[in-house]
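J.: Provide a 3D model corresponding to the input given below.
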Amino acid sequence: MRSRGFTLIELMISMLLGLVVIGGAMGVILANRQSYRTNEGLSQVQESARTAFELLARDVRQAGVTGCNNDGRVANVLNDEGVWWQTWFGLRGFDGTQADGAAGFGGALPNNRVQGTDSIQLQGIEGTGHAVAQHVPHSAMFHITAPTTEIAQGDILMVCDFDHAAIFQVSNYNSNNVAVVHNTGFAVSPGNCAQELGYPTVCGPHGAPYEYGLNSQLARLSAVSWYIGDNGRPAEGGRSLYRRRLGAAGAEEIVTGVTDMQIRYRAAGGEEFFDAIDVDSWTDVNAVMFTLTLQSADRRVTTDPTVDAGRLEREFSHIVTLRNRVP
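T.: Presented below is the predicted three-dimensional model:
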């Protein structure tokens, strides 16, 4: 009985068919992997957008809130040192070429604002505040109804009733008799220029006389600036959404991968949104529209690796209204 093997041609055909099958399987695997990376990049961009809008919206909704009223009557006895948060404005925005005082334009330095991106500054109060039990103007002292760990020496506070609000710095807090003191001559910057907190502001030995009554509200002043900054990590895209706030040591990186922020504003009684440079009165603004551009951290996700190193890019818009400025 004769034995037979495979001929060379049959072996070559078999190898070719095997390579075709292996190549097809590898193509499917690579396509699935690329599809997974694209979906993962898209999910990352969408999640980053949700986080950014949620945190931005929290601050915008509270902008201009004093805790008592919305008539714009705010006294301020802080010594003027020209810092960005010191004067009362509630809300104000800056176009991509306008300096905002909170973060300078700085090339590729970490935390510095990116030229051409908008920024926004917001003021209000933190939390619900504390009720005033007694105000002794000539002693520059408030007694609150209960002890708290939220107030400390050097804090910037706002007190309000339905006549006006006032901004001052705590020179001393005594938890035993729940006394909040706001004397002049405090060694910590900026200090107070007057003891009394009447409106309009009068700086001097005493100030403008005024006594806040029972159940006036006392709370810490909140001031934040949102902007796009260089994060110093070019391998991840190099830009992030930052927040600088009163009381923090430096800028806080909030969401990575946000490469641009454009902001437009609507005034009460109007329908159109305008750039910051075209806003006539910031006290009339009752809605803000944010447009964020985000990129995925991973490269070579798209079909064209020559554009933004192949990072996936999406643009999202969101409108936020100011709670205390809408009917």
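J.: so who does His206 touch?
T.: His138, Ala194, Gln195, Glu196 (CB atoms under 8 Å, 6 or more residues apart in numbering). The C-beta positions use only the backbone N, C-alpha and C, and glycine is treated the same way.
J.: backbone phi and psi for the first one, please?
T.: Phi and psi for His138, reported as degrees, to the nearest 10, are phi -70, psi -20.
J.: ok, it - contacts?
T.: Gln195, Glu196, His206.
J.: tell me the average confidence for the helix or strand hosting Met15?
T.: Per DSSP states H and E: Met15 is located in helix 8-61. Throughout helix 8-61, pLDDT has a mean value of 82.
J.: so what does it touch, helix or strand wise?
T.: With contacts defined as 3 or more CB pairs under 8 Å, 6 or more residues apart in numbering; DSSP states H and E, helix 8-61 has these neighbours: strand 119-125, strand 217-230, strand 252-256, strand 285-295, strand 313-321.
J.: ranking the ones you listed by burial, who's on top?
T.: Compared across the helices and strands packed on helix 8-61, strand 119-125 shows the largest average neighbour count, a mean of 25 (mean count of other CB atoms under 10 Å).
J.: quick one: buried residues of the following helix or strand past that one?
T.: Sequence-wise, the next helix or strand downstream of strand 119-125 (DSSP H and E) is strand 130-136. Of all the residues in strand 130-136, those buried under the rule 16 or more other CB atoms under 10 Å are His130, Val132, Gln134, His135.
J.: what lines up beside strand 130-136 in the sheet?
T.: Paired with strand 130-136 in the same sheet, following DSSP bridges, are strand 141-144 (antiparallel), strand 217-230 (antiparallel).
J.: of all these, which lies closest to Gly64?
T.: strand 217-230 (10.9 Å; CB to CB).
J.: tell me the average confidence for that closest one?
T.: For strand 217-230, the per-residue pLDDT averages 96.
J.: so how far is it from its chain's centroid?
T.: Distance, stretch centre to chain centre, for strand 217-230: 7 Å (CA atoms, centre = their mean, to the nearest Å).
J.: same check on stretch 136-147?
T.: 33 Å.
J.: quick check, Arg73 in contact with Ala165.
T.: Yes - Arg73 lies in contact with Ala165 (CB atoms under 8 Å); the separation is 6.9 Å.
J.: which of these two has more residues huddled nearby?
T.: Ala165 (29 against 17; other CB atoms under 10 Å).
J.: what's around the nearest residue to the more buried one once chain neighbours are set aside, how many residues?
T.: In space, Ala165 comes closest to Thr66 once its chain neighbours are excluded; the distance is 4.1 Å by CB to CB, 6 or more residues apart in numbering. Neighbourhood size, Thr66 [other CB under 10 Å]: 28.
J.: from Gln217, how far out is Thr66?
T.: Separation of Thr66 from Gln217 (CB to CB, to the nearest Å) stands at 8 Å.
J.: and what of Trp84?
T.: 25 Å.
J.: just give me the neighbour total for Asp278.
T.: Neighbours of Asp278 (other CB under 10 Å): 11.
J.: and the nearest residue to His135 once chain neighbours are set aside, what does it touch?
T.: Spatial nearest neighbour of His135, chain neighbours left out: Tyr212 (4.2 Å); criterion: CB to CB, 6+ apart. If you count contacts by CB under 8 Å, 6+ apart, Tyr212 has them with Val132, His135, Phe142, Val159, Asp161, Leu197.
J.: which of the residues you listed sits closest to Asp118?
T.: Out of the contacts of Tyr212, the member with the shortest distance to Asp118 (by CB to CB) is Val159, at 32.6 Å.
J.: for the closest one, give me its contacts.
T.: Val159 touches Val132, Phe142, Ala165, Ala166, Phe168, Leu197, Tyr212, Ser216, Gln217, Leu218, counting by CB under 8 Å, 6+ apart.
J.: rerun at 6 Å
T.: Applying CB atoms under 6 Å, 6 or more residues apart in numbering to Val159 gives the contacts Ala166, Tyr212, Ser216, Leu218.
J.: what's the first helix or strand after the helix or strand harbouring it?
T.: Assigned by DSSP H and E, Val159 falls within strand 156-160. Sequence order places strand 165-169 as the next helix or strand after strand 156-160, per DSSP H and E.
J.: tell me what that next one is packed against?
T.: strand 74-76, strand 156-160 (3 or more CB pairs under 6 Å, 6 or more residues apart in numbering; DSSP states H and E).
J.: need the residues that contact that strand.
T.: Counting by CB under 6 Å, 6+ apart, Thr66, Val74, Ala75, Asn76, Val77, Ile156, Met158, Val159, His182, Asn192, Leu197 sit against strand 165-169.
J.: between the residues you listed, which sits nearest Gly124?
T.: Thr66 (7.7 Å).
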